[in-house]
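**Student:** I'd like to go over a predicted model; first the sequence, then the structure.
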Amino acid sequence: MPLPLGAMKITFCCTDTKAEPWLQGLAAALPGADISVWQPGAPQADYAVVWAPPQQFMDEQTGLKALFNIGAGVDALLKLRLPPDALVVRLDDAGMAVQMAEYVCHAVIRHFREFDGYEADTQAGRWGYRKPRLRSDFPVGVMGLGVLGERVAKALAQFDFPINGWSRSPKAIEGVRAFTGAEQFNDFLAASRVLVNLLPLTPDTTDVINKDTLARLQPGAYVINVARGAHLVDEDLLAAIDSGQVAGATLDVFRTEPLPAGHPFWTHPRITVTPHTSARTLRDESIAQIACKMAALERGEAVAGIVNPARGY
């Protein structure tokens, strides 16, 4: 239902994003609002819809009430000097959680059932079987239990894998063995054979998947990184695979994107690479959520998804 909000001013500044469908959707959801694409020197706006905006945008738009980030991660945004009084609001889900659950479940099951091996056999014209493996031997550890992490953990539990979850603050999720804080991090790793990373990228979590982390996982571990490339120390993963401690990995995010030509991940036989496609922003769902939150803020109501810049998420 459209949300009449008078002459509220909204500016759109999303790098590498086709603006017109977003402007049309926002106009339909917020009739009467003044919505435009940001240009240098543009008038002050009340709200901004952003993705990877330049620092000039922040320096000019000093009166913003809130910035709405159209992706789940806000690490790049928080590196900028932000308007002093602006809230930073992230998408809670907007259709990304189910995509992430699909992706991670596929990666876990593909490894557990050895479908990559079967694929290699069929390509070579071989008909053969592998001994079924026990789910109890493949406990899955999900790092990060926000909206996406919780959905992933619950989805994996439906396949009867033992599920561990680690988060900075206590979380209670049915079917998930919870570990909390730095004091329980090593116990979480020791209890997990498959490691799924869904942490926000902050100074504390940069390089969190390193040689020490990988060594603490159960032998024959498997790594799935769907958060940020800077969480993973590339060389440490390659060394852990070469040593046999880690059996392989599925990687959707990288320190440099696109992944540079010649990077060893491209051709490593035990690493599956995808082009940051585990959970894409769905425009219509995102517009609906952003419009509802803008309307709520205009009414003086609280909204979900407000980022704490000190924590980084």
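**Tutor:** Sure, I can see it.
**Student:** what about the closest residue in space to D207 that isn't next to it in sequence, how many neighbours?
**Tutor:** Nearest residue to D207, sequence neighbours excluded (C-beta to C-beta, 6 or more residues apart in numbering): V233, at 5.2 Å. (Each C-beta comes from the backbone N, C-alpha and C, glycine too.) For V233, the number of neighbouring residues by other C-beta atoms under 10 Å comes to 20.
**Student:** check which helix or strand covers V223.
**Tutor:** Using DSSP states H and E, V223 falls within strand 221-225.
**Student:** Now do the helices in the stretch 1-150 of the chain.
**Tutor:** Taking DSSP state H, counting those that start in this stretch to define them, one finds helices in the stretch 1-150 of the chain at 19-29, 55-60, 96-112, 115-123, 147-157.
**Student:** Next: the stretch 201-313 of the chain.
**Tutor:** In the stretch 201-313 of the chain, the segments counted as helices under DSSP H, counting those that start in this stretch are 211-216, 234-243, 264-267, 283-298.
**Student:** For those helices, give me TSV that also has mean pLDDT and distance to A27.
**Tutor:** Below are these laid out as TSV (pLDDT from 0 to 100; distance: least, C-beta to C-beta, whole Å):
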stretch	mean pLDDT	distance to A27
helix 211-216	98	47
helix 234-243	98	44
helix 264-267	98	42
helix 283-298	96	10
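**Student:** Mind pulling up the pLDDT for the residue nearest to D207?
**Tutor:** For V233, the pLDDT comes out at 98.
**Student:** Surely it is in contact with I209?
**Tutor:** Yes. In this structure, V233 is within contact of I209 by C-beta atoms under 8 Å, at 6.6 Å.
**Student:** Tell me which residues are up against stretch 217-226.
**Tutor:** 100, 103-104, 107-108, 111, 139, 141, 189-198, 209, 214, 231-232, 237, 240, 244-253, 278-279 (C-beta atoms under 8 Å, 6 or more residues apart in numbering).
**Student:** Tell me how far the residue nearest to D207 lies from P260.
**Tutor:** Distance of V233 to P260, given as C-beta to C-beta, to the nearest Å: 16 Å.
**Student:** I'd like to know which of the helices of the stretch 201-313 of the chain lies nearest to L87.
**Tutor:** Smallest distance to L87 across the helices of the stretch 201-313 of the chain (C-beta to C-beta): 7.7 Å, for helix 283-298.
**Student:** Quick check: buried residues in the closest one?
**Tutor:** In terms of neighbour count (16 or more other C-beta atoms under 10 Å), helix 283-298 has its buried residues at R283, S286, I287, Q289, I290, A291, K293, M294, A295, L297, E298.
**Student:** now these in a markdown table, with distance to P170?
**Tutor:** Shown next, in a markdown table, are the buried residues of helix 283-298 (distance: C-beta to C-beta, whole Å):
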| residue | distance to P170 |
| --- | --- |
| R283 | 35 |
| S286 | 30 |
| I287 | 34 |
| Q289 | 27 |
| I290 | 30 |
| A291 | 33 |
| K293 | 26 |
| M294 | 32 |
| A295 | 32 |
| L297 | 29 |
| E298 | 34 |
